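J.: Mind folding the following:
(one chain, ligands or ions: 2)
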Amino acid sequence: MQTQVAIVGAGPAGSLLALLLHQAGIEVVVVERQSRDYVLSRIRAGVLENGTVELLRSAGVGARLDAEGHVHTETGIAYRAEEIFYFDIGKYAGSQFVSYGQTEVQKDLYEALDAAGVPILFEADDAAIHEPTGEHPYVTCVHGGEQVRIDANQVVGCDGFHGPSKDAIPHLRRYEKTYPFGWLGILSETPPLEHLIYANSERGFALCSQRNPMLSRYYVQCPLDDTVDDWSDDRFWSELMARLPQHVGDEIVTGPSIEKSIAPLRSFVAEPMRHGNLFLAGDAAHIVPPTGAKGLNLAVSDVFYLSRGLVRHYHDGDDHYLDTYSDMALRRVWASVRFSWWLTSLLHRFPDQTEIDQRLQEAELALIQTSDRAQALLCEQYAGMPFES
Ligand code: FAS
Ligand code: PHB
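T.: Ligands and ions are numbered 1, 2, ... in the order given. Below you'll find the model as predicted:
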């Protein structure tokens, strides 16, 4: 096969990039290891920054998001048992975010890619990237039992943390921090709370979120060696309530979980995000703990920067944004990695934590609660900075 841009991975990053490039008249082929249904079955992010929403709208996939997404400006932080305050990204950052599941974003992207006839090779095994620094890099894989070779001008690794693309970059700098706990998340077909609420509790972190007016998403911090079998629904609900202020817990409508999973937390950055004609985007290049709701939004900002560079390359022969892609994307990546690490460190209970550590966390939360300037800084980062021009 011959194309202009070969993309490895059809998660949100690969799918959105493929759609934007196709809309700019650039030929793409996408190679995805899993089946379409498997990708659509994954329950992941739930918060879309305004920049993400705007880009999805500009790609023509914002209609359902606008109809079904829940717009927020205020988010709660509970601590010291009964304390709670709301930071307002509308007031301090002139912004808003939308609760709309990554699964729904993925459905909307696949629908648009299908309508545009963009080729996605699902269930493609053994994808490998060849000659990334050559004029004509190529991707090989096994699809439908056949060896496939895709010759391209550029290859983009959108294959997530466990994908092969970053390994094709020699002397790649890897920065990694793992956290000594995980997030146990459930979905329940119950009405959610009005606002997202993060909780710092002596028993551990908790988060109340949502997907739609009849689908709630909740999380509690759990030990890394726990499995979902250790957590009955009853145990989950009682632990969630124990970590929230009484009046918040009283508002929660419980019900049977329809999905239950445990995700490990890590911070990871791979540098650089370009090697010749190979580019990395999304989780292929970086991972953040979900505390700051940055993972999906960072993937989208990478796609914004890279699609702009590729369109300028093909339309005007101008390589400025391709040549500056890695540095520009990494500025936002490191800002988000730091924010996600900071908020994770502030809200979670670490196994080796002592009483003074808990009090120091509570003192910092009290400072944020009482300082306009501290809240402005938090809001600016939670809302997501504007994309660099
Ligand atoms: P993805 O990992 O989504 O997609 C990569 C794609 O590449 C996958 O479809 C994979 O099958 C494919 N692939 C991998 N290897 C391949 C190969 N060899 N050949 C071909 N294809 C290959 N972010 C938040 O903001 N909030 C959250 O609450 C949140 N929760 C998360 C929970 C979990 C369990 C995980 C894993 C992530 C979570 N994230 C969250 C982060 C997540 O949303 C990512 O940031 C987002 O999926 C990034 O999108 P992509 O970069 O497209 O990577
Ligand atoms: C979610 O709704 O899944 C969610 C919301 C906020 C976060 C992380 C996850 O910080």
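J.: Those residues of the chain touching ligand 1, which are they?
T.: Residues of the chain lying close to ligand 1 (Cβ under 6 Å from any ligand atom) are 8-14, 31-34, 39, 44-46, 102, 124, 127, 158-160, 162-164, 263, 282-283, 290, 293-296, 299. Every C-beta, even on glycine, is put in place using the N, C-alpha and C of the backbone.
J.: Next, count neighbours for the residue in the stretch 201-350 of the chain that ligand 1 sits nearest to.
T.: Closest to ligand 1 within the stretch 201-350 of the chain is residue 282: 2.1 Å, counting by Cβ to the nearest ligand atom. Using other Cβ atoms under 10 Å, residue 282 has 30 other residues around it.
J.: That one and residue 13 touch, don't they?
T.: Yes: judged on Cβ atoms under 8 Å, residue 282 makes contact with residue 13 at a distance of 3.1 Å.
J.: Relative to residue 301, how far out is the residue of the stretch 201-350 of the chain closest to ligand 1?
T.: Distance, residue 282 to residue 301, using Cβ to Cβ, to the nearest Å: 10 Å.
J.: Residue of the stretch 1-150 of the chain closest to ligand 2, please.
T.: Distance from ligand 2 to each residue of the stretch 1-150 of the chain (Cβ to the nearest ligand atom) is smallest for residue 46, at 2.4 Å.
J.: how close does that residue get to residue 216?
T.: 10 Å.
J.: which residues touch residue 294?
T.: Counting by Cβ atoms under 8 Å, 6 or more residues apart in numbering, residue 294 makes contact with 288, 336, 339-340, 384.
J.: would you turn these into JSON lines with secondary structure and neighbour count?
T.: Formatted as JSON lines, those follow (DSSP: H, G, I helix; E, B strand; the rest coil; neighbours: other Cβ atoms under 10 Å):
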{"residue": "288", "secondary structure": "coil", "neighbour count": "27"}
{"residue": "336", "secondary structure": "helix", "neighbour count": "24"}
{"residue": "339", "secondary structure": "helix", "neighbour count": "21"}
{"residue": "340", "secondary structure": "helix", "neighbour count": "24"}
{"residue": "384", "secondary structure": "coil", "neighbour count": "28"}
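J.: about what we covered before: tell me, what's touching residue 282 and residue 13 both at once?
T.: By Cβ under 8 Å, 6+ apart, residue 282 and residue 13 have these common neighbours: 158, 299, 302-303.
J.: ok so, going back, going by distance to residue 198, which of the contacts of residue 294 wins?
T.: Nearest to residue 198 among the contacts of residue 294, counting by Cβ to Cβ, is residue 340 at 12.4 Å.
J.: Hmm, residue 289 and that closest one touching each other?
T.: Yes: under the contact definition of Cβ under 8 Å, residue 340 touches residue 289, with a separation of 5.2 Å.
J.: overlap in contacts of these two?
T.: Both residue 340 and residue 289 are in contact with residue 267, where contact means Cβ under 8 Å, 6+ apart.
J.: Output the set of residues of the stretch 51-200 of the chain in proximity to ligand 2.
T.: Near ligand 2, when you scan the stretch 51-200 of the chain using Cβ under 6 Å from any ligand atom, you find residue 196.
J.: before we move on, back to that, Produce a ChimeraX select command limited to the buried residues of the shared contacts of residue 282 and residue 13.
T.: In ChimeraX syntax, the buried subset of those is picked out as below (16 or more other Cβ atoms under 10 Å):
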select :158,299,302,303
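J.: Quickly list what the residue of the stretch 101-250 of the chain found nearest ligand 2 is bridged to.
T.: Here the residue of the stretch 101-250 of the chain nearest ligand 2 is residue 209; by Cβ to the nearest ligand atom that distance is 3.2 Å. Per DSSP bridges, the residues bridged to residue 209 are residue 217.
J.: The chain should start at 31 in everything you say after this.
T.: From this message on, residue numbering opens at 31, which makes the last subject residue 239.
J.: What about the closest residue to residue 118 other than its chain neighbours, how many residues nearby?
T.: Counting by Cβ to Cβ, 6 or more residues apart in numbering, residue 104 is the residue found nearest to residue 118 once chain neighbours are left out, at 4.9 Å. Neighbour count of residue 104, defined by other Cβ under 10 Å: 16.
J.: same deal with residue 378?
T.: 21.
J.: Quick check on it: phi, psi?
T.: phi -100, psi 160 (degrees, to the nearest 10).
J.: Tell me who's in contact with the nearest residue to it once chain neighbours are set aside.
T.: Sequence neighbours aside, residue 235 is the residue nearest to residue 378 in space, at 4.5 Å (criterion: Cβ to Cβ, 6+ apart). Contact analysis of residue 235 by Cβ under 8 Å, 6+ apart lists 211, 213, 228-229, 249-251, 273, 321, 377-379.
J.: Could you report the neighbour count for residue 265?
T.: Residue 265, neighbours per other Cβ under 10 Å, totals 12.
J.: closest point of the stretch 131-280 of the chain to ligand 1, which residue?
T.: residue 190 (2.7 Å).
J.: so what's residue 186 bridging to?
T.: Assessed by DSSP bridges, residue 186 has beta-bridge partners residue 37, residue 309.
J.: All set, thanks.
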